[in-house]
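J.: Test case, fold it:
(chains A and B)
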Amino acid sequence: MATHQAAAAPPRQVGTGALARLDRLGLLLVALAAGGLASLPFLTFKANRIAAGAGKTLADTLGTAVAAAFLAVLALVAAVALLDRRPRVRLAAALLGVGAMALAVGFGAGWLTPPGDRFARVAPGGGAWLLLLALALLATDALARLGLSPLLRMAALAGAAAVTVLAFRSGLFDQLSVMREYASRADVFGREARQHLLLAGGSVAAAILIGAPLGALCALSPRIRGAVLPVLNVVQTIPSIALFGLLMGPLAWLGRTQPWAAELGIRGIGAAPALLALTLYALLPVAANTALGLGRVPATAVDAAAGMGMTRRQILARIEIPLALPVILAGVRVVLVQNIGLATIAALIGGGGLGTFVFQGVGQTAIDLVLLGAAPTVAMAFVAAVLLDAVVDALGRRPA
Amino acid sequence: MIELENLTKRYGDVDVVSDVSMQIQPGSFTVVVGQSGSGKSTLLRMVNRLVEPTAGRVLIDGRDVASLPGPTLRRGIGYAIQGHGLFPHRTVAQNIATVPTLLGWPKAKIRARVAELLEALQLDPGQFAAKYPDELSGGEQQRVGVARALAAGPNILLMDEPFGALDPIIRVKAQDDVKAIQRRFETTILLVTHDMEEAFHLGDAIAVMSGGKLQQYGSPEDLLLRPANDYVSRLIGSSDRALRALSLKTARDAAESGDTDGLFPIAPDANLRDALAELIWRGADAAAVSGEAGTPPRRLSLRRILALGRGA
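T.: Alright, predicted model coming up:
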């Protein structure tokens, strides 16, 4: 039977198969990176912070010999992306590409900057960004195909974070414009990053404390659900800047008239309204997912638990919450990522956070400064998403 | 003994259970039969106070169940339901250990008890203890549900349509298993079903409910031969009533002394329905039923079987 089937299978044809055997995603990524490097500058050079930039190709940046070596490495990565379907090999190739690119960008920036020039700004150009995008997608795809366990995923994330931190600490990127901006703001950067985490984390924590019980009430009573969820839905649709504005008046009044409120730092502007607004945004996903998760707990399991003599509290703690937890955490993941991004806006009303750099940068038309605020925000959101995904996955696979 | 005294449950203006009184003998297998909406589940749930009665009371061994806190009461009474209600996030062993854990048993004792129950229900502990409910077949899940209900060794086991989710072939096996377990642990079982076959197959006593009222409560023979009203006789179905009656009696009980020369033998434990089928198939008028040790075989005639089928 088996031999018969094998004989019936269409014979592999070299002629038509050559293109078909290429990995489709690989083809797209190689085209993206190659097109970017060919048509866009690898790095851009500016004589000072706000001067117009001049594009520099790979050869301009690295010199012919090194550029050729770099391209040879990239060609190897491209060959793997096109031809090799083993996820491990693809991941290794992507990491090799990222490493080579980090060196090329770091050293290239150093070579482009005239010695002793503290005003010149070198930044990655469109070509470099597209290459990074292609390599990141290659790595992500390989990781997804590897299907790592949640624990291994967290370990991989920790490893990647450690290597990234080391690379920045080593001074490799010190000549890049973003790091120049960082160097002149190192003290403020740490403070604003902490403030950013505090705003995002604090608002999510508050939203869990308020939203989870609210969601539980919604699960218990359709009437409460009908009242609460639509209100939170409306809150969710208010534009963030408008919400800050709406909160300013009442909070300013509270801070003026109530001594205890003033003592807590509640004013019309600053961290308090920012925290409050972020909490309000986080309420709907947390409450709705709690209600959904609890609602999906099998009724027979709850009936059996009651019938065997569990108290209401025991049923909640031992049956309902553990069974609803993956869904609740999926909601928390959404709001954490959302609020890490939204916390950027807090800077507009004096709430601090990494948004400070973004808005300063916008005001000064200094795109590097914008990047100094935006890039860490994206990184934080990415780390939060991977971590919580891993936790949700671990719980969903085999809750203990 | 469980005594229900004038139990009534009213939701709004509707009496879901209306003035039901009955006594359930210790060690008996009592089945409450009724269609959906008859109030049978509510009646069951008032025994362990998952539903509080509007009027009337429940006594277990003379003690009013209302005198105990609900959870404490329920930890002493087994409870198994349709669709098993196993906890999907807990292993088979953890599921079975639910009530012993609530009661604070030592870990070693719980482990031993879980193993004992799994074996009693023909589930290999080494193979099943660490599995999760979704890894089991329907029949296995049902057995784990029964094991969990029996975990703390309750004297009373309440079962609400426990076989409802099983396909017919597994169901008969599951019913026989529960009946064997009941004899082994001498548990008083109160089981609710809509299936009259199941009631006759399992029950020592059957209670028929309709419209919240107890229509009849008695032995299976009582219901067959002396139905209290039209509803009961309709529910039982008149067409094969005689055969049902025969299936409740054994050859040993029906055999008479007489000539057994040349008659084919029939097992004393065979019920009369099977004996009749055998006689018809062989074209014989009578069979020989072997006696107790040392006593001569006795005669079971077609005429005798037919008379018993008419309730004589």
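
J.: contacts, neighbours, all on C-alpha from now
T.: Fine.

J.: how about the closest residue to chain B within the stretch 51-200 of chain A, what does it touch?
T.: The minimum distance from the stretch 51-200 of chain A to chain B, using Cα to the nearest Cα, falls at A:Pro150 (18.1 Å). A:Pro150 makes contact with A:Ala390, A:Val391, A:Asp393, A:Ala394 under the criterion Cα atoms under 8 Å, 6 or more residues apart in numbering or on different chains.

J.: Mind checking which of these are buried?
T.: Restricting those to buried positions leaves A:Ala390, A:Val391, A:Asp393, A:Ala394, with burial counted as 16 or more other Cα atoms under 10 Å in any protein chain shown.

J.: which non-adjacent residue is nearest the third one?
T.: Translated: A:Asp393. The spatially closest residue to A:Asp393, leaving aside those adjacent along the chain, is A:Pro150, at 6.5 Å (Cα to Cα, 6 or more residues apart in numbering or on different chains).

J.: Alongside chain B, which residues does chain A contribute?
T.: Within chain A, the positions near chain B by Cα under 8 Å from any Cα of the partner chain are A:298-304, A:306-311, A:319, A:322-323, A:398-400.

J.: Out of these, name the ones that lie in strands.
T.: By the criterion of DSSP state E, membership of the residues of chain A next to chain B in strands covers no residue at all.

J.: Give me the buried subset of those residues.
T.: Among the residues of chain A next to chain B, those classed as buried by neighbour count (16+ other Cα under 10 Å) are A:298, A:300-304, A:306-311, A:319, A:322-323, A:399.

J.: Just the ones of these in helices?
T.: When DSSP state H defines the helices, the subset of those inside them is A:Thr300, A:Ala301, A:Val302, A:Asp303, A:Ala304, A:Ala306, A:Gly307, A:Pro322, A:Leu323.

J.: so who does the last one touch?
T.: If a contact means Cα under 8 Å, 6+ apart, then A:Leu323 has A:Gly293, A:Leu294, A:Val297, B:Pro88, B:His89 as its contacts.

J.: Then the fourth one?
T.: Shown in contact with A:Asp303 (Cα under 8 Å, 6+ apart): B:Gly85.

J.: I'd say B:Thr250 and B:Ala267 touch.
T.: No. Counting by Cα atoms under 8 Å, B:Thr250 sits too far from B:Ala267 to count as a contact (9.1 Å).

J.: neighbour count winner among those two?
T.: More neighbours surround B:Thr250 than the other of B:Thr250 and B:Ala267, with 18 against 15 (other Cα atoms under 10 Å in any protein chain shown).

J.: how close does the residue of the stretch 51-200 of chain A closest to chain B get to A:Ala288?
T.: Distance, A:Pro150 to A:Ala288, using Cα to Cα, to the nearest Å: 25 Å.

J.: Okay, strands next: where are they in chain B?
T.: B:2-11, B:14-24, B:29-33, B:55-60, B:63-64, B:77-81, B:156-160, B:188-193, B:205-210, B:213-218, B:265-266, B:286-289, B:298-301.

J.: Output the contacting helices and strands for the second one.
T.: Right, strand B:14-24. Using 3 or more Cα pairs under 8 Å, 6 or more residues apart in numbering or on different chains; DSSP states H and E as the contact test, the elements touching strand B:14-24 are strand B:2-11, helix B:40-47, strand B:213-218.

J.: right, and the helix or strand after the host helix or strand of A:Arg333?
T.: Element membership of A:Arg333 [criterion: DSSP states H and E] is helix A:321-342. Secondary structure here is assigned by DSSP H and E; on that basis, the next helix or strand after helix A:321-342 toward the C-terminus is helix A:355-363.

J.: List the buried residues of that following helix.
T.: A:Gly355, A:Thr356, A:Phe357, A:Val358, A:Phe359, A:Gln360, A:Gly361.

J.: just these now: which is nearest chain B?
T.: Nearest to chain B among those, counting by Cα to the nearest Cα, is A:Gly355 at 42.4 Å.
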